[in-house]
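S.K.: Make a model of this:
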Amino acid sequence: MKLPIAKGSKRALLVEGGGMKGAFSGGVLHSLNLYLGPQNFDLVVGVSSGACSAAYYVTMKQPEPVKSERALSVWYRELSGRQLISLLHPFQGKTFLDQEYLIDFIFRKKVRLESEFLGKRGLPEFRIAVSNLQSHSIEYVKATSTNVFELLKAATSLPIATRGKQWIEGKLYSDAALLNPLPLQDLIEAGYKEIIVVMNSPLTHISKPLGFFTGLLSFPRNWKIARLMRRLHHSNFNHARNIAKRPPLGIQIHTIAPDAPLPVKLTTTVRNKLYETVLLGTKKGEEAAKMLRDFFHIKPKQSEVNVVIATERKKLKTKSIAKKKSAKKKTKSKIN
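M.R.: Residues are numbered from 1 along each chain as shown. Next up is the predicted model:
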């Protein structure tokens, strides 16, 4: 299943994965919700854990700071500690990374993804990238209210950490990052001229080839996909970054990426590190969104202006409270 041919503004948003590094893209999309909503794109594509944050983003047509902030908090509140990833999970009949907890409990219930809004008028088409383990190729499946949760399971089927596969309508899927972590070339070939890419590592980062044993442990019964993963994962990753640095003639690519390696890695579950990563993402997202609004000549609606004003007031109030608490602590220490 290929990407839809570009129409309209030919503008797309691509969100990279990377396990728990997706906390950065979560922060970026929270800021985009406030300043540059999904209605400004014709297509949104999510890869791996990037699809999780993108799913929340594409279901909010208007700026919704409360809902968006709650979705963002999933990264450091619901996924920290041993809730999502634990070496003890196999002894409890679970995989190391508990997808049932992530998708069936968090996304379906506790912080509900409002899947009924997917594909509604005024919102972009949302495609989730997955690896087809039968055809050994990348597919971009359209997310709908009936398939999005199973698609998210497929997108987050990290080999070794999970079962590494998910059946959907007779097809066996896994994480798209196995074969292509950042399908920028596919968007260009589909005719998209303006592409915003959210990356979870610096633009200059270079991926090294995966080791032999990584491939063997990932797919011990499917040597072909194991070989393809070792051959394509790093080469497609590096190729996409080269394209982002030097876009083809007539293509505009805007990257939103951290300036330095993030405090978290693929499986980090330390709450304060996840929270720090989220904050880095929100800051980068806000800077990028304001720049992109000017670049695309997008005028904010009054409702969006009101949300931004309320957000700025909340920031000032938070800073004021923090200063007062700090002053009280200094006063107490002097008295003591």
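
S.K.: partners of the helix or strand where residue 13 lies in the sheet?
M.R.: According to DSSP states H and E, residue 13 maps onto strand 11-15. Sheet pairing here is set by DSSP bridges, and for strand 11-15 it gives strand 43-47 (parallel), strand 194-198 (parallel).

S.K.: Report the angle between the next helix or strand along the chain from that strand and strand 194-198.
M.R.: Scanning forward in sequence from strand 11-15 by DSSP H and E, the next helix or strand is helix 22-35. Angle, helix 22-35 to strand 194-198, by axes from the mean of the first three to the mean of the last three C-alpha atoms, to 10 degrees: 130 degrees.

S.K.: In the stretch 151-300 of the chain, what residue spans correspond to helices?
M.R.: Taking DSSP state H, counting those that start in this stretch, the helices of the stretch 151-300 of the chain run over residues 184-189, 212-218, 223-245, 271-295.

S.K.: Compare those and say which comes out lowest on pLDDT.
M.R.: Mean pLDDT per stretch puts helix 212-218 lowest among the helices of the stretch 151-300 of the chain, at a mean of 77.

S.K.: which helices and strands sit right next to that one?
M.R.: Here helix 212-218 touches helix 223-245, going by 3 or more C-beta pairs under 8 Å, 6 or more residues apart in numbering; DSSP states H and E. Heads up, the C-betas are built off the backbone N, CA and C, glycines and all.

S.K.: And the helix it packs on, what does it pack against?
M.R.: Counting contacts by 3+ C-beta pairs under 8 Å, 6+ apart, helix 223-245 packs against helix 184-189, helix 212-218, strand 252-256.

S.K.: rewinding a little: as a whole number, average confidence for the strand holding residue 13?
M.R.: Here strand 11-15 scores 98 as its mean pLDDT.

S.K.: low pLDDT regions in the chain?
M.R.: For the chain, the stretches flagged by pLDDT under 70 are 300-336.

S.K.: Swap in 50 and give it another go.
M.R.: The model of the chain has pLDDT under 50 over residues 302, 309, 312-313, 316, 319-321.

S.K.: Looks like residue 12 contacts residue 38 (just checking).
M.R.: No: applying C-beta atoms under 8 Å, one finds residue 12 not in contact with residue 38, separated by 11.3 Å.

S.K.: Looking at these two, which one has more neighbours?
M.R.: Neighbours per residue, other C-beta atoms under 10 Å: of residue 12 and residue 38, the larger number sits with residue 12, 27 against 21.

S.K.: tell me the contacts of the more buried one?
M.R.: By C-beta atoms under 8 Å, 6 or more residues apart in numbering, the contact set of residue 12 is 6, 41, 42, 43, 44, 45, 187, 192, 194, 195, 196.

S.K.: wait, doesn't the second one sit right on residue 10?
M.R.: By that I understand residue 41. No: using C-beta under 8 Å, residue 41 makes no contact with residue 10, being 10.1 Å away.

S.K.: So which of these two has more stuff around it?
M.R.: Legend: neighbour count by other C-beta under 10 Å for residue 41 and residue 10, higher for residue 41 (26 against 17).

S.K.: that older thread, show me the common contact partners of residue 12 and residue 38, please.
M.R.: Common neighbours of residue 12 and residue 38 (criterion: C-beta under 8 Å, 6+ apart): residue 44.

S.K.: Now do residue 152: how many residues are near it, please.
M.R.: 25.

S.K.: Show the contacting residues for it.
M.R.: Neighbour list for residue 152: 51, 52, 55, 103, 107, 128 [criterion: C-beta under 8 Å, 6+ apart].

S.K.: So which of those residues belong to strands?
M.R.: Among the contacts of residue 152, the ones falling in strands (DSSP state E) are residue 128.

S.K.: of all the contacts of residue 152, which comes closest to residue 148?
M.R.: Residue 148 lies nearest to residue 55 out of the contacts of residue 152, by C-beta to C-beta, at 6.4 Å.
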